[in-house]
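**Q** Everything below, folded, please.
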Amino acid sequence: MRLEDFAGDDWPALPCPVHQHPRYGETVRRMGGTVGRYRILAGENEIGRVQVLVRRWGPFRLAWVGRGPVWLAGVPEAERRAALAGLAGALPGVALVQPDREDEAAWFGAPALMTAPSVAELDLAAPGADRMARQHGKWRNRLRKAQAAGLILGHRPLDPAADAGLLAREAEQRRARRYAALPPAFLHHWAGHDRAATRLFTAQAGGEVVAYMAFLMHPPVATYHVGWSGAEGRRLSAHHLLLWQASEWLAARGFARLDLGTVDTETSPGLARFKIGSGARIRAIGPTLLPLPRILHHPLVVLRAFPLAIRRNRG
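**A** Numbering: from 1, shown residues only. Below is the predicted model of the structure:
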């Protein structure tokens with residue numbers, strides 16, 4: 001296995017986590033970060049791609065692989081195992097790897113620095129009737145309540161300047177509830193480069209926005225990024241209707257999956273219930289691993305070195 005630098009935007013149209021999409025890497029670069037993008041080759045054949053965030057911490061260079069690599073279709077398990085075995089040694093500096101699959105994490109035989117989280121994923125390839133049937137009964141009842149509440153829905157690309165007031169509401173909510181998320185600058189840089197790569201869904205009542213949800217678009221996947229709901233929005237179950245509206249809109253445009261982020265039943269039980277009740281598949285992904293060497297095993301080192309890359313997005 002070997003890695004080959006890849007500077008283009010010709011990324012395979014595969015359902016990949018946002019961390020492995022070129023738009024994520026370009027956003028980090030615009031924020032001053034260093035990003036490497038590589039083709040994974042077995043002999044002369046390309047079998048996958050991997051995007052790496054590189055950061056210096058003292059004399060060390062740390063290479064963070066978030067929820068990767070991304071494999072091309074049909075790559076045999078033996079080739080994936082062999083590639084993962086050599087991945088850490090081929091990356092610049094000390095490698096930290098979080099595979100997107102739980103079984104691939106076991107292939108490394110490396111110590112885990114952070115436990116394996118679970119993520120919620122909505123299958124948008126399924127017909128709408130099937131997706132609704134997968135919703136929990138109470139969740140579906142709240143959706144119907146919202147549908148009958150006379151909410152006015154809208155959606156459009158996000159404008160960081162014009163929508164600053166709405167985004168500030170989420171920032172205040174984040175401080176009050178003390179949950180972690182990517183910094184506001186991330187969304188500004190993502191949307192600033194290509195507004196069409198975002199979608200903002202809003203719900204209004206009485207002429208006022210009472211709830212919204214913002215999504216990052218990286219076809220064929222979309223990722224929930226941030227959301228806010230006021231007291232009236234919560235009373236009317238506006239987020240249930242917004243998520244349903246967003247999933248219908250995305251499915252109609254050929255998106256295969258909607259990623260809702262991590263599910264944390266301990267620190268964010270209400271949000272976890274919302275994601276689980278929506279009918280999303282709950283899937284364990286790999287923990288954060290340190291394949292080589294053993295000098296940086298202490299979790300505080302990792303958190304200080306990669307606050308952007310590995311901080312959980314719970315919101």
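**Q** What ranges does the stretch 1-150 of the chain have for its helices?
**A** 22-30, 77-90, 102-108, 128-133, 137-147 (DSSP state H, counting those that start in this stretch).
**Q** Now do the strands in the stretch 101-250 of the chain.
**A** 112-114, 118-123, 152-156, 198-205, 208-218, 221-229 (DSSP state E, counting those that start in this stretch).
**Q** Which one, of the helices of the stretch 1-150 of the chain, ends up nearest to residue 237?
**A** The minimum distance between residue 237 and these falls on helix 137-147, with 3.9 Å, by Cβ to Cβ. From N, CA and C alone the C-beta is placed, and that goes for glycine too.
**Q** Give me the helices and strands touching that closest one, please.
**A** Here helix 137-147 is seen to pack against helix 238-252, helix 269-277 when contacts are counted using 3 or more Cβ pairs under 8 Å, 6 or more residues apart in numbering; DSSP states H and E.
**Q** residue ranges with poor pLDDT in the stretch 201-315 of the chain?
**A** 292-315 (pLDDT under 70).
**Q** list the contacts for the residue lying closest to residue 95 once chain neighbours are set aside?
**A** Closest residue in space to residue 95, ignoring its immediate chain neighbours: residue 88 at 3.8 Å, by Cβ to Cβ, 6 or more residues apart in numbering. By Cβ atoms under 8 Å, 6 or more residues apart in numbering, the contact list for residue 88 reads 95, 97, 108, 110, 291-292.
**Q** One more: residue 184?
**A** Contacts of residue 184 by Cβ under 8 Å, 6+ apart are 167, 171.
**Q** quick one: pLDDT of it?
**A** pLDDT recorded at residue 184 is 88.
**Q** now it: how far from residue 172?
**A** Here residue 184 is placed at a distance of 11 Å from residue 172 (Cβ to Cβ, to the nearest Å).
**Q** same thing with residue 151?
**A** For residue 151 relative to residue 172 (Cβ to Cβ), the value is 22 Å.
**Q** Comparing those two, which residue is more hemmed in?
**A** More crowded of residue 151 and residue 172, by other Cβ atoms under 10 Å: residue 151, with 21 against 11.
**Q** and residue 283, how many neighbours?
**A** 14.
**Q** I meant residue 269, not that one.
**A** Neighbour tally, residue 269, other Cβ under 10 Å: 11.
**Q** go on, residue 164?
**A** Around residue 164 there are 12 residues (other Cβ under 10 Å).
**Q** Please report how far it lies from residue 171.
**A** 10 Å.
**Q** Ok, residue 128 next?
**A** Residue 128 is 33 Å from residue 171, by Cβ to Cβ.
**Q** same question, residue 127
**A** 37 Å.
**Q** now do residue 19
**A** 22 Å.
**Q** Ok, residue 272 next?
**A** Residue 272 is 22 Å from residue 171, by Cβ to Cβ.
**Q** just residue 32 next, same as before
**A** For residue 32 relative to residue 171 (Cβ to Cβ), the value is 21 Å.
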